[in-house]
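Chemist: Sequence and predicted model, in that order:
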Number of protein chains: 2
Amino acid sequence: MTDTPRISRQFSQRSVMEAIVQGGPISRASIAKLTGLSKQTISEIVRDLEEDGWVRETGRTSGHIGRTAVTYELVVDAAYIIAVDLGGTKVRVAVTDLAGQIVGEDAAPTDARGGMHLVTQISDMALAAATHAKVSRERLRLAVVGVPGAPDNRTGRILLAPNIRDFDKMDVLDAFRQAFGFDVLLENDVNLAALGESWQGQGQGIDNLAYVALGTGIGSGLILGGTLVRGAANAAGEMGFLPIGADPFEQESLRVGAYERAVATYGIIARYEAATGEKVDVPAVFERAAAGDKAADAVLDDTARQVACGIAAICAIANPQLVILGGSIGLRPEILERARRFLPLCFPYPVEIASGELGSRAALVGATAVGLTQLHNTLFGVATPNAGLSLPPTGTEPPQEAVE
Amino acid sequence: MTDTPRISRQFSQRSVMEAIVQGGPISRASIAKLTGLSKQTISEIVRDLEEDGWVRETGRTSGHIGRTAVTYELVVDAAYIIAVDLGGTKVRVAVTDLAGQIVGEDAAPTDARGGMHLVTQISDMALAAATHAKVSRERLRLAVVGVPGAPDNRTGRILLAPNIRDFDKMDVLDAFRQAFGFDVLLENDVNLAALGESWQGQGQGIDNLAYVALGTGIGSGLILGGTLVRGAANAAGEMGFLPIGADPFEQESLRVGAYERAVATYGIIARYEAATGEKVDVPAVFERAAAGDKAADAVLDDTARQVACGIAAICAIANPQLVILGGSIGLRPEILERARRFLPLCFPYPVEIASGELGSRAALVGATAVGLTQLHNTLFGVATPNAGLSLPPTGTEPPQEAVE
DNA sequence: TATAAGTTCGGTGACAGAACGAACTAAGTA
DNA sequence: TACTTAGTTCGTTCTGTCACCGAACTTATA
């Protein structure tokens, strides 16, 4: 378990690791078939990987024709990742191994004092969970923290995060790095949820999907062409400001967001109050609707109609194959069922809608996915030499090297 | 100019080509610096490329201390590309060399009979333009055809293309391939325009942008994270069905699209007619507004307000840094100016809006960009072994190779 | 004379391919 | 039942090829 392996081999090494990770216990001969490399190259690489502690013998095959094969598998405890879902009311942390299995977990109410208090709360929880799971500290390699808003991993700052006190004033990334003592990645929580559902939930094998988190506020994460879309300021999917539901030119819409006002918690409460004069919380509205309260039922209908409109907007712009609903409100079957009913009435092409399978743990799973990918990239090299296109220069710029 | 170069060298060969393409006339020593490869490797590769006819000596540097360097550049006439923009009323074709320079061009009204007639019209125009530009037929390698709707390059069919007769009933891709006699790519016209502006127009160097084409209909192309976003059915950006502007739950909205009805040609004409009782065409409305007609002015205001809402929707979902307006209506300064004024009133974060620099030729330029990229990929190998992430399997599936 | 461009020469490391031994199953044979 | 033998697959060894590097060297300048 020394340092990163030699440079030039990284390519093949990476594919071998991939084959082992994906293919469970697998023999070297099978790896050769999968990767297209020759048997003895695989033997060499596997030997290296075994020496470095990433891979180990598991056993042998038997019952086949021919010689038995030695099988290898990932050493899942070679390194661990901390996954964090930092919500406005609740903080969840998980310790996961290299197979993405959660080996330790904890949750607590978010420290309302925000700022450094919150950072400390989280790192304490995480390190305690690791200790409890008997994971030694030096095996922790990376933490992925899901936060509301638009974090920027270069500056360490988080934009559009009004929920968390003082986070707009500090270098959050650096604070976490200090507290943890290892590398940290920040990512938007809804984006993580989208990745989570795409990896282990409803979205498996689907290259174009949207995850819509509906709760106190509304946000979405888009995976298009197999990649998470972030946008220019990491604010892709912040659909609260969609000009739908309320008049977007009103003053209030600029502050809270026209769509967010119409569809999230606040909208539901306000609608029910307008209809009945009674001010009750969201779960109560659902209960009453279930009990036969016509007004509550109408409120849910209205809300779902707005949800359908939001989904229509996403589909018109991003054309996902599947839309996954999440968040405390979005996960309710009453909303899913109604949205499925209303969407065909306002959008002409069929779109699948489903509930998030992972529920409130989607972001945690997504954080693990990001962490694992990142770890693989740093340990076994990124295999993306030149993803962008290479086109001739435009000619509006002066020619580059006329005379050197 | 034999076949594709040897496999194993493709990697470095590609980066050398890239350096030469980007770096204008460039010496081998400079290529070595740019690519990080050693001098003699570059010499070898450049020799190969020269033998194959892709690259040639241009001259020498002078005026420096040290030995003069021989400079090399792309052989721009080693291969040519046909770029086609197939619009509802007009067809444009261009013949471009490997530097993306247009060497021949032609345009004509679209053959209203559609189907094979149209395919023949286009291939005839293109091949005639090539002949006229003295480009021999065997040097034509690839055609990129921009079409309205959502083409699928696997099935060859085009979805959502009501504008063109019979195109929904045939394998358009195959028809073009037959007619041209070489490979053909289909792409949505607005997507191409977006790529065009991103390459040579307003969007240079910007990784996240949206191109909104506003004319008879409305569509948009999204480039996010440097890549064109296509969506599940190649229908990303088909924003006509945004639930904005008109009631999306009306019958008519399901047919034409709520937003399209509100903002495109039809909407402008209808609005002016509603205000004045007079039915005039779109250019007339603009003229009258310029002449001081209050009603026409109000119509443009209303339209621009809707445009701003559409842009807000795109920004809320995709978060581009820049929105480029194109299309016969979108290109008018009256709309741009008004949209710039209205957007901050319905969307809280600043977004640049600009007119397309390439005007109606954006799609043609984009087609060239796609063609060049594709040619580079086929000729010098795609260097994307495994772009996707490699995460452990989910566990919902049975373990793969427990016993082989 | 300093400096840079380009070539020649002698590596080195990552593979492939063929050949081969090892280990195993499944048959037939004594 | 025990002993072959054929067929199959696993994994290693050996040899070769190819891409590429580094250093030394030549050539051509300001």
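Modeler: Perfect, I can see it now.
Chemist: What's the end-to-end length of stretch A:290-297?
Modeler: 8 Å (C-alpha to C-alpha, to the nearest Å).
Chemist: Off-centre distance for that stretch?
Modeler: Centre-to-centre, stretch A:290-297 and its host chain are 35 Å apart (C-alpha atoms, centre = their mean, to the nearest Å).
Chemist: Stretch A:123-132 too?
Modeler: Worked out by C-alpha atoms, centre = their mean, stretch A:123-132 lies 22 Å from the chain centre.
Chemist: C-alpha coordinates for that stretch, PDB please?
Modeler: Only the C-alpha atoms of stretch A:123-132 are listed here, as PDB (Å, rounded to 0.1, in the frame of the first residue of the first chain):
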ATOM      1  CA  SER A 123     -16.200  16.100  11.800                       C
ATOM      2  CA  ASP A 124     -16.700  14.900  15.300                       C
ATOM      3  CA  MET A 125     -19.600  12.700  14.300                       C
ATOM      4  CA  ALA A 126     -17.800  11.300  11.400                       C
ATOM      5  CA  LEU A 127     -14.600  10.500  13.200                       C
ATOM      6  CA  ALA A 128     -16.600   9.000  16.100                       C
ATOM      7  CA  ALA A 129     -18.500   6.800  13.600                       C
ATOM      8  CA  ALA A 130     -15.200   5.700  12.100                       C
ATOM      9  CA  THR A 131     -13.800   4.800  15.500                       C
ATOM     10  CA  HIS A 132     -17.000   3.000  16.400                       C
END
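Chemist: Show me the contact partners of it.
Modeler: Outside stretch A:123-132, the residues within contact range by C-beta atoms under 8 Å, 6 or more residues apart in numbering or on different chains are A:80, A:82, A:84, A:91, A:93-95, A:104-106, A:108, A:137, A:140, A:143, A:176, A:179-180. The C-beta positions use only the backbone N, C-alpha and C, and glycine is treated the same way.
Chemist: Show the average pLDDT along stretch A:97-114.
Modeler: Looking at stretch A:97-114 alone, the average pLDDT works out to 93.
Chemist: check whether that stretch contacts chain B.
Modeler: Yes - applying C-beta under 8 Å from any C-beta of the partner chain, one finds stretch A:97-114 touching chain B at A:98-100.
Chemist: so can I have a markdown table of those residues showing distance to DNA strand D, secondary structure and neighbour count?
Modeler: What follows is the residues of stretch A:97-114 next to chain B, written out as a markdown table (distance: C-beta to the nearest atom of the strand, whole Å; DSSP: H, G, I helix; E, B strand; the rest coil; neighbours: other C-beta atoms under 10 Å in any protein chain shown):
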| residue | distance to DNA strand D | secondary structure | neighbour count |
| --- | --- | --- | --- |
| A:Leu98 | 22 | coil | 23 |
| A:Ala99 | 22 | coil | 19 |
| A:Gly100 | 26 | coil | 22 |
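Chemist: Next secondary structure element downstream of the host helix or strand of A:Ala304?
Modeler: Secondary structure assignment for A:Ala304, by DSSP states H and E: helix A:294-318. Toward the C-terminus, helix A:294-318 is succeeded by strand A:322-326 as the next helix or strand (DSSP H and E).
Chemist: any idea of the angle that following strand forms with helix A:294-318?
Modeler: 140 degrees (axes from the mean of the first three to the mean of the last three C-alpha atoms, to 10 degrees).
Chemist: What is strand A:322-326 packed up against?
Modeler: helix A:189-200, strand A:209-214, helix A:294-318, helix A:333-346, strand A:352-355 (3 or more C-beta pairs under 8 Å, 6 or more residues apart in numbering or on different chains; DSSP states H and E).
Chemist: So which bits of the stretch 51-200 of chain A are right by chain B?
Modeler: Near chain B, when you scan the stretch 51-200 of chain A using C-beta under 8 Å from any C-beta, you find A:61-64, A:69, A:71, A:74, A:98-100, A:199-200.
Chemist: From those residues, pick the one nearest B:Asn234.
Modeler: The shortest approach to B:Asn234 among those belongs to A:Trp199, at 24.7 Å (C-beta to C-beta).
Chemist: Next, the buried residues of stretch A:165-173.
Modeler: Neighbour counts using 16 or more other C-beta atoms under 10 Å in any protein chain shown place A:165, A:167, A:170, A:172-173 of stretch A:165-173 among the buried residues.
Chemist: ok, and what's touching it?
Modeler: Residues contacting stretch A:165-173 (C-beta under 8 Å, 6+ apart): A:112-116, A:118-119, A:147, A:149, A:151, A:153, A:155-159, A:161-162, A:184, A:186.
Chemist: Tell me how far the residue nearest in space to the middle of chain A lies from A:Gly146.
Modeler: Nearest to the mean C-alpha position of chain A, by C-alpha atoms, centre = their mean, lies A:Leu192 at 1.5 Å. Distance from A:Leu192 to A:Gly146, counting by C-beta to C-beta, to the nearest Å: 4 Å.
Chemist: Mind listing the shared neighbours of these two?
Modeler: Common neighbours of A:Leu192 and A:Gly146, using C-beta under 8 Å, 6+ apart, are A:85, A:363-364, A:366-367.
Chemist: from these, which two are the most distant?
Modeler: Using C-beta to C-beta, the pair of the shared contacts of A:Leu192 and A:Gly146 lying farthest apart is A:Asp85 and A:Gly366, separated by 8.6 Å.
Chemist: between these two, what contacts are shared?
Modeler: Common neighbours of A:Asp85 and A:Gly366 (C-beta under 8 Å, 6+ apart) are A:146, A:192.
Chemist: more neighbours, these two?
Modeler: The residue with more neighbours, out of A:Asp85 and A:Gly366, is A:Gly366; 33 against 26, by other C-beta atoms under 10 Å in any protein chain shown.
Chemist: I'd assumed that one was in a strand, is it?
Modeler: No - with DSSP: H, G, I helix; E, B strand; the rest coil as the criterion, A:Gly366 is assigned helix and is not in a strand.
Chemist: my guess is it meets A:Leu192, correct?
Modeler: Yes - taking C-beta atoms under 8 Å as the definition, A:Gly366 is a contact partner of A:Leu192 at 3.3 Å.
Chemist: wait, A:Trp372 sits on A:Gly100?
Modeler: For residue A:372 the amino acid is Leu, not Trp. Yes - counting by C-beta under 8 Å, A:Leu372 does reach A:Gly100; the two are 5.8 Å apart.
Chemist: ok so, going back, pull out the buried members of the contacts of stretch A:123-132.
Modeler: Buried, going by 16+ other C-beta under 10 Å: A:80, A:82, A:84, A:91, A:93-95, A:104-106, A:140, A:143, A:176, A:179-180, out of the contacts of stretch A:123-132.
Chemist: Which single residue in the stretch 101-250 of chain A comes nearest to DNA strand D?
Modeler: A:Gln101 (25.9 Å; C-beta to the nearest atom of the strand).
Chemist: who touches the closest residue in space to that residue that isn't next to it in sequence in this structure?
Modeler: Distances taken as C-beta to C-beta, 6 or more residues apart in numbering or on different chains place A:Val76 nearest to A:Gln101, at 6.8 Å, with adjacent residues excluded. Shown in contact with A:Val76 (C-beta under 8 Å, 6+ apart): A:97-99, A:101.
Chemist: No further questions, thank you.
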